[in-house]
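1. Fold the following and give me the result.
(one chain, ligands or ions: 1)
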Amino acid sequence: MKAGEHLFGRLLGRTAGADHTPTASGLQVQLDSRGQVMGLSAALRAQLGPSTVGGTRPHLRQLLCAGSTLSIEGNPAEWQHQSLDLDFQGAAGQVLHTRGWVEPDADGWVLRLLDVGDLLEGRQLAQDREQNHQLACRMSQQLRVCSLGRLPEVFNEHLRSLSQRWRIPCVAVALLDEEDQGWRIYSQYAAHDAPALWQTGQRLGTRLDSLNGNAPLRLDTARGRSDNPRLHSVFGDADGVLVPYRDGQGVAAWLLCGFYRGQPHTHDQDWLDLAAALAGPLLSRLREQHHHQQLERVEALQGLLGTGWWELLPATDEIQLAPQLLHSLSLEDGPTRQPLALWLELIHPADRQELHSRLHDLQTLGRPLLTGVRLQRSDTAQNPIWYRVQGQVLGEGRQRRWVGFMLDISDIKNQQVQAAAAHARLDNLIASAPAVIYVQRYVSGALHPVFFSDSLLPLLGWTLADCDHEHLPALIHADDRDLYFERTRQLLREGSVRSRYRVRDSQGHYHWLLDEAKLLRDDLGIPVEAVGLWLDVTEATLAAERIQQSEERYRILVEDSPAMICRYRPDLTLTFGNTPLAHYLECQPAQLPGLNLGHWLSDEQRRAFVQRIGRLTPEFPVSTAEISLALPGREHAWWVWSDRGVFDAHGTLLEVQAVGRDNTEVRRSQQQLTQSAKMATLGEMATGLAHEINQPLNVMRMAIVNVLKRLGDGNAEVAYLTEKLQRIDAQVQRATRVVDHMRVFGRRSEIEQRPFDPAQAVEGTLALLSEGLRGKGVELRVTAPDVAVQVNGHVDQLEQVLINLMVNARDALSSQREKNPQLRPWIALHCEHDSRHVCLWVEDNAGGIDPRLLERIFEPFFTTKPIGVGTGLGLSVSYGIVENMGGRLSVVNGEQGARFCVELPVAQITR
Ligand code: ADP
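-> Model prediction:
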């Protein structure tokens, strides 16, 4: 009851006068003292219906609704001075909300009532509106503060609350999509029992555009769809309300409520407020998000590009830089505001002043700034860091700002620099090269010259006009024209070509041009142009021709040379041989390759030959030797043979080139000479030899005379006779040895050298000479070699050398003794050797050789002896023999006489 008092009081105040005296038209109930209804005023009866009061008197309680706000206890007398809130059950099922009081009446009580239905409804409405308002505020608030990531979720949650609170089965918010300028469902909610009219993200196009955006639009199917036929496509057949939200630019959002009849008491303004509470913060958050993303993109872009904004702050003489810029300028630790001077310090001195002056122009004249600057950094001296600095004035008057950006353009700049350098190099190259670069454009199957590099003029004396499509073929040598046309066909067919032809220059001379061209095609594979290069190869071509000619000359030279020329592999297989060689080997030159040189060499010769070739090295690739061969159908041949090794990069012998000369004739005459000299020696030794033979003969004769004498005396004992006969036999043997040796010595030398012990020669010499020398009173001092060594050659020839030396010594001694009878002549012969050489010394005490003659004594026919005595051949022949054995014959004057040395290479040492 208390709750109603205030309202009641207000009502009373408002309705005082008018309703003070209840009339028949008022709502009145006559009651008896127990509260039973005695009658109803007409107005009340009209509301409660005639059946309300039947024959019996119902208690007032019975007229009230079940669960009425007031339960009536007691009787009317107790109700006095109280306000009664009573809800009557109306005839049409409605509830009649009343407030009343009882007054005593004539025969009972009268209950006067006022209809307070409207009042209550109004209050309810106000409460609802208040709650709605609060909810809207809360939603608005939450949308403002939630994280951007949760925004769609939170918003959808609010749509659900909205749907439940306002009992809207389908609710959605459509926003203007900036992309396609149409409307799009941002979020929607449909109650579980309602069909979803819309989908999140659904495009509504421009269907909402022409609607009145000032007030909610209601769709009521019952009342016909007069509003707008376009809405049919949005709402289908459903009823609904469409609420616009306007911002500065017009309608920015629509709140769509589907399957909703609308409650008449919801005011337009409430709808608009509700839409604003949702859409306002949503749009602002979306704008914030958009802005945020935009900012992120810009920052990422700045980071990626190595760029960043700057703004001049002239008031403090500072510059503010984007964080990215601070970072790339290596100022990361510093504040974003930097003194302008400090910033300028970062710029290379070469660009600093210009930048400063341009900044000044920007500030004072508003002239836009655009320049490229380098950074001042010691670590990047090679590749400087370049920035593009751009700036402009924003705003006017006092709002003016000076902003711009810096962009790292080092890559481009450095590429530019490199490209410029490469370009210059290329230009230089093209200009200085004996090459012409040309371009020929493809015109319906033909190639038309459209460009020649500048080198065309110095090379040929022509310009592009002289070498155009029409004239070019005429400049090509008549013999090469077909080549040129074929070159073009091949170029078009295969995409590239390389050919060589002659082109006439302006002087009328022909140049050999090497033409290399490539065809360029477009995306569809259709030829566009040919790019090519003319290289003047006249010199090279002529040189090649000359080489060919000279090769031919050399070939003829080799072929026609009287010398034998050949090439052979290390295994002695011939790979080439000229006609003279073929002639000696009795075959055709063509048959020579494949033959083996060793075939004509004795085993020993071949071994020595292969050994000699094996000693060739890249440092000492040449070796010369005399080789002896057994040629088909001929006597022994002697060739002087020069070999030159051909090696690969690793020093391995690949092939040998050899030149040979037939030395057989020379060899023969040499042999002849040696033989004659030998005979001469023998002749010369005749006296000595006679002595040598006379000696045993004397001994024998003495023996015989003595034996005969004994026999005559008659005392010839057997023992005596035997002793004498043995002596005779020994002397016969001795004479035989001498004669035998003379025969051997007088024989011609063998063809091939053999290893022998030089001691043999010493022995032979002494056999022939020792007796004779002793007979002449010459002392022989012989030291025999202690180790047996072998040398290569002919033992008789070495013997001849020794005989010559000893005979010369003997002669020198005898002439010396003529001058000095006191002289005690001696000849020493001794032998020395090391691992490589054997030396045979022949020394005498005849006073030596006149130093002025030392040089000449080996010359043939040089002699100091009287005519008819000396031949002057002894030493020269000896020299030849020793040289032939690979040794050396030399002489020095010793203390008492000449000292000859025969030095021979050791073939082997035998113990
Ligand atoms: P020939 O003995 O016929 O003169 P050689 O060629 O043998 O010819 O000797 C040449 C010359 O060398 C001799 O005439 C002599 O003058 C000189 N000669 C050679 N051997 C000796 C020697 N042992 N002492 C001095 N002179 C010598």
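2. tell me which element Trp534 is part of?
-> strand 527-536 (DSSP states H and E).
3. What strands flank that strand, and is each parallel or antiparallel?
-> With DSSP bridges as the test, strand 527-536 is paired with strand 435-443 (antiparallel), strand 510-521 (antiparallel).
4. Columns mean neighbour count on top of the ones you listed, output as a markdown table?
-> C-beta: built from backbone N, CA, C; applies to glycine. Converted to a markdown table, those look like this (neighbours: other Cβ atoms under 10 Å):
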| stretch | mean neighbour count |
| --- | --- |
| strand 435-443 | 19 |
| strand 510-521 | 18 |
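5. Looking at those, spot the one closest to the ligand.
-> strand 510-521 (67.8 Å; Cβ to the nearest ligand atom).
6. hmm, back to that, I'd like the strands paired with strand 527-536 written out as CSV, with distance to the ligand and mean pLDDT added.
-> Formatted as CSV, the entries for these read as follows, by distance: least, Cβ to the nearest ligand atom, whole Å; pLDDT from 0 to 100:
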stretch, distance to the ligand, mean pLDDT
strand 435-443, 74, 90
strand 510-521, 68, 92
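7. Distance to Gln47 for the ones you listed - can I get that in JSON lines?
-> Rendered in JSON lines, the data for the strands paired with strand 527-536 read as follows (distance: least, Cβ to Cβ, whole Å):
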{"stretch": "strand 435-443", "distance to Gln47": "105"}
{"stretch": "strand 510-521", "distance to Gln47": "100"}
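8. Which one of the ones you listed lies nearest to Arg856?
-> Nearest to Arg856 among the strands paired with strand 527-536 is strand 510-521 (63.6 Å), distances taken as Cβ to Cβ.
9. Figure out how far that closest one is from the centre of its chain.
-> Chain-centre distance of strand 510-521: 30 Å, with Cα atoms, centre = their mean, to the nearest Å.
10. Can you verify my assumption that Trp534 contacts Val436?
-> Yes. Between Trp534 and Val436 there is a contact at 4.1 Å, judged by Cβ atoms under 8 Å.
11. Spit out the residues that contact those two alike.
-> Shared contacts of Trp534 and Val436 (Cβ atoms under 8 Å, 6 or more residues apart in numbering): Leu459.
12. The closest residue to Ala446 other than its chain neighbours - how many residues pack around it?
-> Residue nearest to Ala446 in three dimensions, not counting chain neighbours: His469, with 6.7 Å by Cβ to Cβ, 6 or more residues apart in numbering. Residues within reach of His469, counting by other Cβ atoms under 10 Å, total 14.
13. The ligand contacts on the stretch 751-900 of the chain?
-> Contact residues, the stretch 751-900 of the chain versus the ligand (Cβ under 6 Å from any ligand atom): 804, 808-809, 812, 844, 846, 849, 857, 862-865, 870-872, 874-876, 897-898.
14. Which ones among those lie within helices?
-> Judged by DSSP state H, these include 804, 808-809, 812, 874-876 as members of helices.
15. So which of those is the closest to Val173?
-> Taking Cβ to Cβ as the measure, Val173 lies nearest Ser876 of those, at 133.7 Å.
16. before we move on, back to that, could the ones in helices among the residues of the stretch 751-900 of the chain next to the ligand be laid out in TSV, adding neighbour count and distance to Val173?
-> Converted to TSV, those look like this (neighbours: other Cβ atoms under 10 Å; distance: Cβ to Cβ, whole Å):
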residue	neighbour count	distance to Val173
Asn804	27	138
Asn808	23	141
Ala809	25	142
Ala812	22	145
Gly874	27	139
Leu875	22	135
Ser876	20	134
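17. thinking again about what came up before, quick check, distance from the next helix or strand after the strand holding Trp534 to the centre of its chain.
-> Using DSSP H and E, the helix or strand that follows strand 527-536 towards the C-terminus is helix 538-560. Helix 538-560 sits 43 Å away from the centroid of its parent chain (Cα atoms, centre = their mean).
18. residues near Ser878, how many?
-> Neighbours of Ser878 (other Cβ under 10 Å): 25.
19. which residues sit in contact with the residue of the stretch 201-350 of the chain found nearest the ligand?
-> Residue nearest to the ligand within the stretch 201-350 of the chain: Ala350 (93.4 Å; Cβ to the nearest ligand atom). By Cβ under 8 Å, 6+ apart, the contact list for Ala350 reads Arg374.
20. Repeat the analysis, applying 10 Å as the threshold.
-> 373-374, 376, 384 (Cβ atoms under 10 Å, 6 or more residues apart in numbering).
21. ok, so of those residues, who is nearest the ligand?
-> Pro384 (90.4 Å).
22. secondary structure class for the closest one?
-> coil (DSSP: H, G, I helix; E, B strand; the rest coil).
23. likewise Thr575?
-> strand.
24. Now for it, how many residues are close by?
-> 14.
25. Just give the closest residue to it, not the sequence neighbours.
-> The nearest residue in space to Thr575 (Cβ to Cβ, 6+ apart) is Arg567, at 4.8 Å.
26. partners of that neighbour in the sheet?
-> Phe576, Gln657.
27. Next, the contact list for the residue in the stretch 1-150 of the chain that the ligand sits nearest to, please.
-> At 124.2 Å from the ligand, Gly149 is the closest residue in the stretch 1-150 of the chain, using Cβ to the nearest ligand atom. Taking Cβ under 10 Å, 6+ apart as the criterion, Gly149 is in contact with Gln289.
28. how far away is it from Leu283?
-> Taking Cβ to Cβ, to the nearest Å as the measure, Gly149 and Leu283 are separated by 18 Å.
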